[in-house]
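Visitor: sharing a model prediction with you, sequence too.
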Amino acid sequence: MYEYIKGVISHIYPGYVVIEVQGIGYKVYLANPFRLTDELKKETLVYVYQDVKQDSMQLFGFKSLQEKNLFLKLINVSGIGPKSALAILANDDHHGFVQAIEDSNFTFLTKFPGVGKKTAQQIVLDLKGKLSEFDVLEKGEATDGTAATDVSSANRAFEEAMAALLALGYSVKDVNRIKKQLKQTETTTTDGYIREALAFLMKK
């Protein structure tokens, strides 16, 4: 029903943002809401998909139309729901994801939360050879840690990142496993921590 929403991002939470349009706040779930930190309190355009079920109605948002189209491809795979699709999109290595499908790399695919071996096989069956147009999705800008320098801000960003990972569907065990590595990185922003964490989680 909706193609996009253009409004002011009033709040950013671990799993979603609130976009205010003419006095109405729309709750929009994103793969990594903290990518929009620089847009907080500013007017921005977010592409959306409206998921309607018998007992709920939710909006899922994307920074680009191409990202939205990849999401639509994913949710058409049996066993992949909107939340699992967001967890896949949260990882910036879209090239690696597409390549894993082309190589039938089930080990890589099952590292995403909510994706077991059967679902990984279904992803390959349904999407192999059909994602070449998405192999060039732009990666978000790398975070160098210069956006925040004080310790309290870094700690807050770290905790926000942990909450965001849990919102994506990663288990407490998975998150705890990479905490030590994550604290040794140079980043001090929430978005930076999330990007680093996802990279760690995708490693063997």
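Guide: Cool, got the structure.
Visitor: from here on, contacts and neighbour counts on C-alpha atoms
Guide: Noted.
Visitor: need the longest strand for the protein.
Guide: strand 43-53 (DSSP state E).
Visitor: after that one, which helix or strand is next?
Guide: Per DSSP states H and E, the first helix or strand lying C-terminal to strand 43-53 is strand 56-62.
Visitor: list the buried residues in that following strand.
Guide: Neighbour counts over strand 56-62 (16 or more other CA atoms under 10 Å) mark 58, 59, 60, 61, 62 as buried.
Visitor: show me which of those is closest to residue 166.
Guide: Nearest to residue 166 out of those is residue 60 (CA to CA; 17.1 Å).
Visitor: give me the contact list for the biggest helix by length in the chain.
Guide: Selection of the longest helix in the chain by residue count, based on DSSP state H, yields helix 151-168. With contacts defined as CA atoms under 8 Å, 6 or more residues apart in numbering, helix 151-168 is touched by 13-15, 31-32, 83-84, 86-87, 113, 148, 172, 175, 188-191, 193-194.
Visitor: from the residues you listed, which would you call buried?
Guide: When the contacts of helix 151-168 are checked for burial by 16+ other CA under 10 Å, the buried set is 13-15, 31-32, 83-84, 86-87, 113, 175, 188-191, 193-194.
Visitor: in whichever helix or strand comes after the longest helix of the chain, what counts as buried?
Guide: Using DSSP H and E, the helix or strand that follows helix 151-168 in sequence is helix 172-183. For helix 172-183, burial by neighbour count (16+ other CA under 10 Å) applies to 175, 178, 182.
Visitor: which elements pack onto the helix or strand harbouring residue 125?
Guide: Counting by DSSP H and E, the element that carries residue 125 is helix 117-127. Here helix 117-127 touches helix 94-102, helix 106-109, going by 3 or more CA pairs under 8 Å, 6 or more residues apart in numbering; DSSP states H and E.
Visitor: at 10 Å what do you get?
Guide: helix 65-75, helix 94-102, helix 106-109 (3 or more CA pairs under 10 Å, 6 or more residues apart in numbering; DSSP states H and E).
Visitor: can you give me the mean pLDDT across stretch 104-114?
Guide: Per-residue pLDDT over stretch 104-114 has a mean of 94.
Visitor: phi, psi of residue 27?
Guide: Main-chain dihedrals, residue 27, degrees, to the nearest 10: phi -90, psi 120.
Visitor: circling back to that earlier point, which of the contacts of helix 151-168 fall within strands?
Guide: Within the contacts of helix 151-168, no residue falls in strands by DSSP E.
Visitor: any chance of the buried residues of helix 172-183 in JSON lines, with pLDDT and distance to residue 168 too?
Guide: Below are the buried residues of helix 172-183 laid out as JSON lines (pLDDT from 0 to 100; distance: CA to CA, whole Å):
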{"residue": "175", "pLDDT": "91", "distance to residue 168": "11"}
{"residue": "178", "pLDDT": "93", "distance to residue 168": "15"}
{"residue": "182", "pLDDT": "92", "distance to residue 168": "17"}
